[in-house]
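Chemist: sequence? don't have it. structure:
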């Protein structure tokens, strides 16, 4: 999802999420990431910097968690939640 900060100050928001995943061999799990572009003009974006705001590595099936997302002034960030599948 994309989140836009229309104010002249940086803001921090809390992202709450739930999911199912499983971690056993080091390749599974879940994570939440925030991608910040290097330019506010979408035609001039040359890179996106990704920050991991949450990481799940547990052999438990389900989880509920939160992560803080900092959104720079007058920028739009991409928020991505990834979970590896857990099939019963």
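Modeler: Now that the structure is in, tell me what you want to look at. Since this is a predicted model, take the numbers as computed values, not measurements. Numbering: from 1, shown residues only.
Chemist: Return the distance of the most centrally placed residue in the chain relative to residue 77.
Modeler: Most central residue of the chain, judged by C-alpha distance to the mean C-alpha position with Cα atoms, centre = their mean, is residue 33 at 2.5 Å. Separation of residue 33 from residue 77 (Cβ to Cβ, to the nearest Å) stands at 10 Å. C-beta coordinates here come from the backbone N, C-alpha and C atoms, glycine included.
Chemist: Strands along the chain, start to end?
Modeler: Under the criterion DSSP state E, strands of the chain are mapped to 2-4, 11-20, 30-37, 48-56, 62-71, 76-83.
Chemist: could you dump the ones you listed to a markdown table with mean pLDDT?
Modeler: Putting the strands of the chain into a markdown table (pLDDT from 0 to 100) gives the following:
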| stretch | mean pLDDT |
| --- | --- |
| strand 2-4 | 91 |
| strand 11-20 | 86 |
| strand 30-37 | 89 |
| strand 48-56 | 88 |
| strand 62-71 | 84 |
| strand 76-83 | 89 |
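Chemist: out of those strands, deepest packed?
Modeler: Ranked by average neighbour count under the criterion mean count of other Cβ atoms under 10 Å, the strands of the chain are headed by strand 30-37 at a mean of 19.
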